[in-house]
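Asker: Compute the structure for the input listed below.
(2 chains)
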Amino acid sequence: MVEVLYFAWVRERIGLPREKVETSAATVAELVEELKAREPRYEAAFADLSALRVALDQDLAEFDAPIEGVREVAFFPPMTGG
Amino acid sequence: MKIAVQADPFDLGVELAGFGAGRADVGAVVSFTGIVRDDTGAMDALELEHYPGMTERAIAKIVEQAVERWSLADVIVIHRHGRLGIGEQIMMVATAARHRAAAFEAAEFLMDYLKSRAPFWKKEHGPEGTSWVAAKDADEDALKRW
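Answerer: Predicted structure coming up:
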């Protein structure tokens, strides 16, 4: 079980800020495929991975990163702070 | 060292009073303040979303790098979130160092990294509705000089 968080337009497109996900995915990319298969809103949010960033347990990571032992996966667009 | 992520406004004078003072190894203090501007004339407010927990963690890592690289004596980073009006302060960075070049460079480094490595997202509110601010390639390119 992993906690999946969404921010900014990813949160708006999926329609919720966080959810618990039962997954057998080995990597972030596999988790994304599982989510996309769920419903069109996930498909829409994850349509272009180059427009997305991912953090594993609050550290930026790559989409091919393994998620074994990870508690929190967050998806969001490139950051615009400052 | 001070890192704060907050909805409330901050008082620049209060923050900088005494910053870097009373130390024999501080010869330079630089501060930068970011302010909400309106480029189009059609914006009512700016909303900043962030990732509580990761935000503080990401800023702490960036600050740690700056302190080590420029041997900073002290640093302040304050970044606001929530809904901000035009002309309001969004964030501030201050650095205290032995020499001015280090203080200036470290402040720029902090700004460049905060812009694209701290998890904040800006959304513009206007009469026509809302829109997320897109990240610029220039912001990512700015990291390459460090």
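
Asker: make it CA atoms for all contacts and neighbour counts henceforth
Answerer: Will do.

Asker: can you list the residues of chain B near chain A?
Answerer: B:34, B:49-51, B:53-54, B:57-58, B:79, B:90-91, B:111-112, B:114-122, B:132-135 (CA under 8 Å from any CA of the partner chain).

Asker: Just those residues: which are in helices?
Answerer: Among these, the members found in helices (DSSP state H) are B:Met54, B:Arg57, B:Ala58, B:Met111, B:Asp112, B:Leu114, B:Lys115, B:Ser116, B:Arg117.

Asker: Could you check how far the second one is from B:His81?
Answerer: If I follow you right, that is B:Arg57. According to CA to CA, to the nearest Å, B:Arg57 stands 16 Å off from B:His81.

Asker: Up against chain B, what does chain A have?
Answerer: So chain A meets chain B at A:Phe7, A:Ala8, A:Trp9, A:Gln58, A:Asp59, A:Pro78, A:Met79, A:Thr80, A:Gly81, A:Gly82 (CA under 8 Å from any CA).

Asker: Are any of those residues buried, and if so which?
Answerer: Buried residues within the residues of chain A next to chain B, counting neighbours by 16 or more other CA atoms under 10 Å in any protein chain shown: A:Phe7, A:Ala8, A:Trp9, A:Gln58, A:Pro78, A:Met79, A:Thr80, A:Gly81, A:Gly82.

Asker: Narrow the residues you listed to those in helices?
Answerer: A:Ala8, A:Trp9.

Asker: Name the nearest of the buried ones among the residues of chain A next to chain B relative to A:Glu34.
Answerer: Of all these, A:Glu34 sits closest to A:Phe7, with 18.9 Å by CA to CA.

Asker: partners of the closest residue to that closest one other than its chain neighbours in the sheet?
Answerer: Nearest non-adjacent residue to A:Phe7, counting by CA to CA, 6 or more residues apart in numbering or on different chains: A:Phe76, 5.0 Å away. A:Phe76 forms beta bridges with A:Arg53, as assigned by DSSP bridges.

Asker: A:Phe76: how many residues sit nearby?
Answerer: Counted with other CA atoms under 10 Å in any protein chain shown, the neighbours of A:Phe76 add up to 22.

Asker: in the chain, which spans are helices?
Answerer: Let's take chain A. So, for chain A - with DSSP H - the helices run A:8-14, A:28-36, A:40-45.

Asker: looking at chain B here, not the other one
Answerer: B:12-16, B:54-70, B:100-117, B:137-142.

Asker: what's the average pLDDT for the first one?
Answerer: When the per-residue pLDDT values of helix B:12-16 are averaged, the result is 97.

Asker: thought A:Leu3 was touching A:Arg18?
Answerer: Just to correct that, residue A:3 is Glu rather than Leu. Yes: checked against CA atoms under 8 Å, the pair A:Glu3 and A:Arg18 is within contact range at 7.0 Å.

Asker: In contact with the closest residue to B:Lys123 other than its chain neighbours, which residues?
Answerer: Leaving out its chain neighbours, the residue that sits closest to B:Lys123 by CA to CA, 6+ apart is B:Trp132, at 4.2 Å. Residues in contact with B:Trp132, defined by CA atoms under 8 Å, 6 or more residues apart in numbering or on different chains, are A:Ala8, A:Trp9, B:Trp121, B:Lys122, B:Lys123, B:Glu124.
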